[in-house]
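In: pasting the structure only:
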């Protein structure tokens, strides 16, 4: 475990050295903005991964359990060298610093009076956001998938090849794997899922940022033969905590041909009395889907 964490720290440091300054100078927005306009809402993002930035905003605006999975970006049509010149000069042969070539993205999606209680209307809104993204010219194509009741995933289903053609891909989390059913911590189970998935898929998948204490304390009994890794991961996260909802992002790093899984507690963005933005964790059992916040007084 110490070795794995050391490798992750080394990777994150290299990525920070190579891309941090470039991203600060790239004109990107720190977060996506959702605005409410009666029966519709608008969403504006500007990021190397604009759809991910948009999904993060949707999660926090409405308290959604909404998972996200990159396709594998591998061609120069989807990637750009974001390394600062001094770093690239010192590391001319390194693939690190290559990242998604995303930019601005805008969507207008339905936000009707029944969206707060209707999974169908929730899905309709997500389908519109993803459809707008797929038509935007940004890297990758995505699809909306209902994983369980109340849980959706935005999944990368294609990326460009070396001559710029869209190529369909099989999402890595759809890979069937087998793990024995055993009672252990959610942290141990997730690491086992990712270890077996890496072997079966041929692509390295590792755990990155996560609420480690919550996962270590949560005891689960999960297993299956020939089950999609996604199903086992969903089962683990839904069993990991009696109180908190958990969601994930699975992001692909082209420089290392590795997927990094980040897990976080589902939270709703709120403003405190002084106007400061706060993230409030959403408890299980509470109705949180697309609860439209009250309009600010002018």
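Out: Noted; the coordinates are in hand. These numbers were taken from a predicted model, which means no experiment stands behind them.
In: please enumerate the helices of the stretch 151-298 of the chain.
Out: For the stretch 151-298 of the chain, the helices defined by DSSP state H, counting those that start in this stretch cover 186-201, 212-217, 229-240.
In: and what of the stretch 1-150 of the chain?
Out: In the stretch 1-150 of the chain, the segments counted as helices under DSSP H, counting those that start in this stretch are 2-24, 50-62, 85-90, 119-134.
In: pLDDT (mean, whole number) over the second one?
Out: Okay, so that is helix 50-62. Across helix 50-62, the average pLDDT comes to 94.
In: and it, what's buried?
Out: Neighbour-count burial for helix 50-62, with 16 or more other C-beta atoms under 10 Å as criterion, is recorded at 50-62. The C-beta positions use only the backbone N, C-alpha and C, and glycine is treated the same way.
In: equivalent analysis for the third one, please.
Out: For helix 85-90, a neighbour-count test (16+ other C-beta under 10 Å) marks 87, 88 as buried.
In: run the chain-centre distance for that helix.
Out: Chain-centre distance of helix 85-90: 30 Å, with C-alpha atoms, centre = their mean, to the nearest Å.
In: who are the packing partners of it?
Out: The helices and strands touching helix 85-90, judged by 3 or more C-beta pairs under 8 Å, 6 or more residues apart in numbering; DSSP states H and E, are helix 2-24.
In: tell me the mean pLDDT over the helix it packs on?
Out: 42.
In: now the strands: where do they sit in the stretch 151-298 of the chain?
Out: Secondary structure of the stretch 151-298 of the chain (DSSP state E, counting those that start in this stretch): strands at 151-160, 166-168, 176-185, 204-207, 219-228, 246-253, 258-265, 267-271, 277-281.
In: now mean neighbour count, distance to residue 83 and mean pLDDT too, for those strands, in TSV please.
Out: TSV is the format used below for these (neighbours: other C-beta atoms under 10 Å; distance: least, C-beta to C-beta, whole Å; pLDDT from 0 to 100):
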stretch	mean neighbour count	distance to residue 83	mean pLDDT
strand 151-160	21	21	97
strand 166-168	12	26	96
strand 176-185	14	35	96
strand 204-207	19	22	97
strand 219-228	16	36	96
strand 246-253	22	14	97
strand 258-265	20	18	97
strand 267-271	16	32	85
strand 277-281	12	32	86
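In: reformat these as TSV; add distance to residue 109.
Out: Formatted as TSV, the entries for the strands of the stretch 151-298 of the chain read as follows, by distance: least, C-beta to C-beta, whole Å:
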stretch	distance to residue 109
strand 151-160	13
strand 166-168	24
strand 176-185	34
strand 204-207	31
strand 219-228	28
strand 246-253	19
strand 258-265	23
strand 267-271	18
strand 277-281	22
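In: what's the closest of the ones you listed to residue 192?
Out: Using C-beta to C-beta as the measure, strand 176-185 is the one of the strands of the stretch 151-298 of the chain that comes nearest residue 192, at 5.6 Å.
In: starting at the chain centroid, how far to the closest one?
Out: 24 Å.
In: also stretch 132-139?
Out: The gap between where stretch 132-139 is centred and where its chain is centred comes out at 17 Å by C-alpha atoms, centre = their mean.
In: got a list of contacts for that stretch?
Out: Applying C-beta atoms under 8 Å, 6 or more residues apart in numbering, the set of residues contacting stretch 132-139 from outside is 50-51, 54, 73, 77-79, 100-103, 105-109, 141-142, 159-160.
In: could you pick out the buried ones from the residues you listed?
Out: Burial by neighbour count, judged by 16+ other C-beta under 10 Å, picks out 50-51, 54, 73, 77-79, 100-103, 105, 107, 109, 141-142, 159-160 from those.
In: among these, which ones are in strands?
Out: Assignment to strands by DSSP state E places the following of the buried ones among the contacts of stretch 132-139 there: 79, 100, 105, 107, 109, 141, 142, 159, 160.
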